[in-house]
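*Asks:* Quick check, what structure comes out for this input:
(2 chains)
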Number of protein chains: 2
Amino acid sequence: MKNQFLKVFFAIIMAVAFFSSCKPKNSGDLVSGDAAKKVYVAPGKYDEFYNFVSGGFSGQLSIYGLPSGRLFKVIPVFSQDPENGWGYSEETKPMLNTSHGFVPWDDAHHPELSQTNGEVDGRWCFINGNNTPRVARINLKTFKTTEILELPNSAGNHSSPYVTENSEYLVAGTRFSVPGDYENGDIPINTYKQNFKTHISFVKADKEGEMDIAFQLRLPGVDFDKAHGGKGPSNGWFFFSCYNTEQANTLLEVNASQKDKDFIMAVNWKKAEEYIKAGKGKKEKVRYAHNIWDEKTHTGKSEIKTEVLVLDVKNLKDICYMMPCPKSPHGCDVDPTGEYIVGSGKLAAVIPVFSFGKLQKAIAAKQFDGEYEGIPVLKYEAVLHGEVKKPGLGPLHTEFDGKGNAYTSMFVSSEVVKWDIKTLAILDRVPTYYSVGHLMIPGGDTRKPFGKYMVAYNKITKDRYLPTGPELTQSAQLYDITGDKMQLILDFPTIGEPHYAQAAPADLIRNNGQLKFYKIEDNQHPFVTKGEKESKVVRKGNRVDVYMTCVRSHFSPDNIEGIKVGDEVYFHVTNLEQDWDVPHGFAIKGANNSELLIMPGETATLKWLPTEVRISPFYCTDFCSALHQEMQGYLRVSPAGSSVPLTFSLGTNMPTVK
Amino acid sequence: MKNQFLKVFFAIIMAVAFFSSCKPKNSGDLVSGDAAKKVYVAPGKYDEFYNFVSGGFSGQLSIYGLPSGRLFKVIPVFSQDPENGWGYSEETKPMLNTSHGFVPWDDAHHPELSQTNGEVDGRWCFINGNNTPRVARINLKTFKTTEILELPNSAGNHSSPYVTENSEYLVAGTRFSVPGDYENGDIPINTYKQNFKTHISFVKADKEGEMDIAFQLRLPGVDFDKAHGGKGPSNGWFFFSCYNTEQANTLLEVNASQKDKDFIMAVNWKKAEEYIKAGKGKKEKVRYAHNIWDEKTHTGKSEIKTEVLVLDVKNLKDICYMMPCPKSPHGCDVDPTGEYIVGSGKLAAVIPVFSFGKLQKAIAAKQFDGEYEGIPVLKYEAVLHGEVKKPGLGPLHTEFDGKGNAYTSMFVSSEVVKWDIKTLAILDRVPTYYSVGHLMIPGGDTRKPFGKYMVAYNKITKDRYLPTGPELTQSAQLYDITGDKMQLILDFPTIGEPHYAQAAPADLIRNNGQLKFYKIEDNQHPFVTKGEKESKVVRKGNRVDVYMTCVRSHFSPDNIEGIKVGDEVYFHVTNLEQDWDVPHGFAIKGANNSELLIMPGETATLKWLPTEVRISPFYCTDFCSALHQEMQGYLRVSPAGSSVPLTFSLGTNMPTVK
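*Replies:* Down below sits the predicted model:
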């Protein structure tokens, strides 16, 4: 009981530390004179790195340049984006479909660049949806979300998505234990310990458009937080941090902070593959959506899948092993050599570093300390390389520079600590402003970090930027890590909540076959209009299809009559431009919908339900040329049952009667 | 006929010039060595200016810092924003209501800071919705949209919103002529010349929450593009650029580029006020929404109004006067002295500068050149101060530095030209990258410009930033204008499409009573929960109201049972924090809705329709403390008709039965 009390007391101390320490001393004046030059990217020059930053509760992925900190693009992924019609146009709505129907939002935490041989390859960026569990693929030739896969049996898809060395798998672990989808879900919450489970999904991801769940592992009801795959010698293994090993279902703040040690779980996924091949998996009935973007038809398609293959780990003693880890670990990071696994326990006073070599020996020698819910628990000392002592308060996440150094973020004491992976000696520490969550070094979780910069992604900004009322921006801070000591060189604000990020050298992405526009001759949209002469308006019952084109600086047709109240009108707008950076937009007055933003060579569709007798103007919403303001048209809506004939025209007041 | 041909030919030449000239020579290397220092804002230091930039087709308002170009906040205005629940939560949905029902998007072009005595006063920023005509007020103490007013009889609310010297009125002119809302709208499009009209709205705006249309002016069917109010001596007058005086309704690219001169329309609004007082206005039946945000209840309210007062200008010969202006004018800008009105004709070869003094004399002397649709047309020479010769191609918009200089953007030749207002001599020119639309000098359209910087808001970026596939960012460029010659010092990308912007010195906004959090004792939300002990779950029929609190790091309650399929559940979440920068988020798995983002002291409501029997986890989406990951809860959904009792609890597995 005394021990219990001490643990709660410790948690309180940590919380107090957070309240009082979020503004370190010497705030702000630690910048030396050359910082301006180091971050300045002169007009006309390119940044050195693409920085892919999660939008957190925006549900999107933001693209920044480093070292300038400039925001180049917000890629819509899991959330509707009225700016470009994502989730509003007929083509994009299927991309946000789930087993729960259309879901307009999610919480995106961890961008993960695809890898070949454990190195960033510049093909794709993956990212997780946390709330309604999903993983998404973003194609880095088009910077577009091209695939979203829902994860059944899951809730709070947080320890996700992490790739294996050749992106064979995206791996995704559940944060909130729930009864499996295969069960009758009407289960009392206070039967958590008996009935709640977690699942880890191994998603085949190496072929675009063919994402699928290869198999899931069924595991005890804990909270998986973060994960990373093995590298080199440890390839074939995966590591997950888990907290709430107390299995609390209420007031986790206290009840999941009881034990001194939780776990890093080591998963032998090659072994799991063998069991799957040997037919040990069980097919179970579930429902999950798989959404694919087809670049030929410029259209998303959603399919509901109904089966998943599950391996129950408690029946298989040699897939998963628990390594004890002080306390409530968040980060779970593997160094570039693949030998060291770092657990960052947010309530821990040390940073434990585990050895993959020792792990193998300990398993062989059965150096176990009992089981946790049927999973062997290894002896802490048997798998430990060593501990980083007095690192700071609230260690959260660690990355690597490829030179033998590790960098760990400290949420509570608001700092980043640099330490030597082998000797575990602390080499340097710098303050962050304030409350750093994840940090990022370009390539810093791969076999080949690119180094040069470290970025801290902070949760609190208070006095760092000009204030904007009660709601303030969140923020990143850029550090030069080329010298022995880290140097803070820039604060830059971020969209949404920056959880994690990845970065790649500019040339790796820029020179990797990036698309500038879609070839009109390749456009296979069922409602494409490949030339102005083919533009037309077609009625079938109360459905009206407008085959419309746009080119600087007019729509065809631009006068339309014969639409009636009660019609269902589809504007299929094809952008005929064949040049880079010439989108057109389309909007019509009073629509209960967003605009369309149509890239050159693309076709997009806006659904419109006219409810009022009136003249409705439409226009181009993207300033496209000197005569952009002239790019407008009119549509006449007549009463239901009107005999006004369907006509359309361009440049004449003698409209074509259909 | 030959003349017609020449005009079309000229338009083609302009278009060709645009295609070929969008990349000026010497791109990018015009930056001198001190630029880095000039734009660098060291970590911990503040920017000098707030820059309020329209999001264009994003529908929102973005807040940047100058000189750093950093984005501090995107304020949701006319478009849904899943990041913070704007347009998704029950409280915010009414803010996007219109006479057409709920509209999730608009196109926001022109931020306008409120003024006192013709100077920026830091109280509000107004902005227009272009597509479904509306004007919005943003409160600069909270950086929140607090009022939206729809404009009847209008379409394409582009020449909007511009304030009078003391923000008595917001003035808004129609871009797309349409038949008035009061008419039977089933009108053939090719009867444009007889039936289509424009309206200019004078909106009372000086009291928050009480925006209303004082009166409208009914005018001929042309396109009003931009506007500005008079200043000092010319206060009491308003000036509007108008194009499409050809009154074309199709292929405006050609048909609205026929005449050598269109007009700047001068409006004597004090005279219009007199006519209104004298009862000359006509009350007409229309429908338009007025939406107000109540800070006490944290809730928006929408009301449909049904009447507007209209003055028909053709019956009143001394309100409006047409000043001929070369060709298809966009910008319509009044210098700080109030004497000079600059028309920027996008197809014109000169920039005409009109004199307010001469205008008054010409009206007194009846120096007319006939009428345009019943409005007196003044003789060009009679009102002209002079022309800026050979300014460049495609003049669009002009601002002022308060030192006697004007700066005009040139879309087609991609440059900014500085000239002397009195002598009309060109003093300097600098390239922009590329295709600049508007430009902005802090306070540059007021009586007292703050000067120092000029920002060009560009439409095309191509090779300026690391590429992001077919869709590229739009961009701003920052110039130092403290010397005789303009100096380009920074490129910074922008959210959406930056049309126009305004800027104010940091201290004017920062020290103007900014709110840091909402006082919980002032919270009058009908479903507020002011302490954890008051949290509860209440069922009435199939409606369930969850009175929920959040504070670092738990929700109360965090276990809820007795919810059934078919229920309508409202989570009313009150953030109990009373400190700056501690929002909490709320989301529940599978909701067909966004998250809530709840500021300290605020209550927000998420509507959720459970459709499946299952355990649904909910959690805090905004990283709020070291134990944020533990801030989660569970809700059990039982089948319709289930007898599971309604219970809720926190920290115990002995739930309270309601």
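
*Asks:* now stretch A:251-268, how far from the centre of its chain.
*Replies:* 25 Å (C-alpha atoms, centre = their mean, to the nearest Å).

*Asks:* That stretch near chain B at all?
*Replies:* Yes: with C-beta under 8 Å from any C-beta of the partner chain as the measure, stretch A:251-268 is seen reaching chain B through A:Leu251, A:Leu252, A:Glu253, A:Val254, A:Asn255, A:Ala256, A:Ser257. C-beta: built from backbone N, CA, C; applies to glycine.

*Asks:* who in the stretch 201-350 of chain A is up against chain B?
*Replies:* A:223, A:225, A:243-244, A:249-257, A:328, A:330, A:346-347.

*Asks:* Helices - which of the residues you listed land there?
*Replies:* A:Leu252, A:Glu253, A:Val254, A:Asn255 (DSSP state H).

*Asks:* Relative to chain B, which of those is nearest.
*Replies:* Checking those against chain B with C-beta to the nearest C-beta, the nearest one is A:Leu252 at 3.7 Å.

*Asks:* Tell me, how many residues neighbour that closest one?
*Replies:* Neighbour count for A:Leu252, taken as other C-beta atoms under 10 Å in any protein chain shown: 25.

*Asks:* Setting aside sequence neighbours, what's the nearest residue to it?
*Replies:* B:Glu630 (3.7 Å; C-beta to C-beta, 6 or more residues apart in numbering or on different chains).

*Asks:* For the stretch 201-350 of chain A, which segments count as strands?
*Replies:* A:212-220, A:223-229, A:237-243, A:261-268, A:282-294, A:299-312, A:320-326, A:329-334, A:340-345, A:350-355 (DSSP state E, counting those that start in this stretch).

*Asks:* okay if I get those strands as CSV plus mean neighbour count and mean pLDDT?
*Replies:* Formatted as CSV, the strands of the stretch 201-350 of chain A follow (neighbours: other C-beta atoms under 10 Å in any protein chain shown; pLDDT from 0 to 100):
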stretch, mean neighbour count, mean pLDDT
strand A:212-220, 22, 97
strand A:223-229, 27, 98
strand A:237-243, 27, 98
strand A:261-268, 24, 98
strand A:282-294, 18, 97
strand A:299-312, 17, 98
strand A:320-326, 25, 98
strand A:329-334, 27, 97
strand A:340-345, 27, 97
strand A:350-355, 24, 98
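
*Asks:* Need those strands in JSON lines (columns: distance to A:Ala155).
*Replies:* Formatted as JSON lines, the strands of the stretch 201-350 of chain A follow (distance: least, C-beta to C-beta, whole Å):
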{"stretch": "strand A:212-220", "distance to A:Ala155": "13"}
{"stretch": "strand A:223-229", "distance to A:Ala155": "10"}
{"stretch": "strand A:237-243", "distance to A:Ala155": "15"}
{"stretch": "strand A:261-268", "distance to A:Ala155": "18"}
{"stretch": "strand A:282-294", "distance to A:Ala155": "13"}
{"stretch": "strand A:299-312", "distance to A:Ala155": "15"}
{"stretch": "strand A:320-326", "distance to A:Ala155": "20"}
{"stretch": "strand A:329-334", "distance to A:Ala155": "18"}
{"stretch": "strand A:340-345", "distance to A:Ala155": "23"}
{"stretch": "strand A:350-355", "distance to A:Ala155": "28"}
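
*Asks:* what's the closest of those to A:Ser616?
*Replies:* strand A:299-312 (25.8 Å; C-beta to C-beta).

*Asks:* what is the rounded mean pLDDT of stretch A:368-378?
*Replies:* Average pLDDT, stretch A:368-378: 97.

*Asks:* Can you name the residues in contact with that stretch?
*Replies:* With C-beta atoms under 8 Å, 6 or more residues apart in numbering or on different chains as the test, stretch A:368-378 has contacts from A:219-220, A:245, A:263, A:265, A:313-314, A:317, A:320-324, A:359, A:362-363, A:367, A:379-380.

*Asks:* The same query, at a cut-off of 6 Å, please.
*Replies:* A:Pro220, A:Lys314, A:Cys320, A:Tyr321, A:Met322, A:Met323, A:Ala362, A:Lys379 (C-beta atoms under 6 Å, 6 or more residues apart in numbering or on different chains).

*Asks:* same deal with stretch A:281-297?
*Replies:* For stretch A:281-297, contacts defined as C-beta under 6 Å, 6+ apart pick out A:94-95, A:97-99, A:146-150, A:152, A:181-182, A:209, A:215, A:300-311, A:524-525.

*Asks:* how close does A:Asp463 get to A:Leu71?
*Replies:* With distances taken as C-beta to C-beta, to the nearest Å, A:Asp463 is found 22 Å from A:Leu71.

*Asks:* more crowded one of the two?
*Replies:* A:Leu71 (25 against 17).

*Asks:* doesn't A:Tyr64 make contact with that one?
*Replies:* Yes: counting by C-beta atoms under 6 Å, A:Tyr64 is a contact partner of A:Leu71 at 5.5 Å.

*Asks:* For A:Thr198, give the beta-bridge partners.
*Replies:* A:Leu219 (DSSP bridges).

*Asks:* what's the distance between A:Met454 and chain B?
*Replies:* Using C-beta to the nearest C-beta, to the nearest Å, A:Met454 is found at 14 Å from chain B.

*Asks:* Oops, could you answer that again for A:Phe527 instead?
*Replies:* 20 Å.

*Asks:* contacting residues for that residue?
*Replies:* A:Phe527 neighbours (C-beta under 6 Å, 6+ apart): A:His572.
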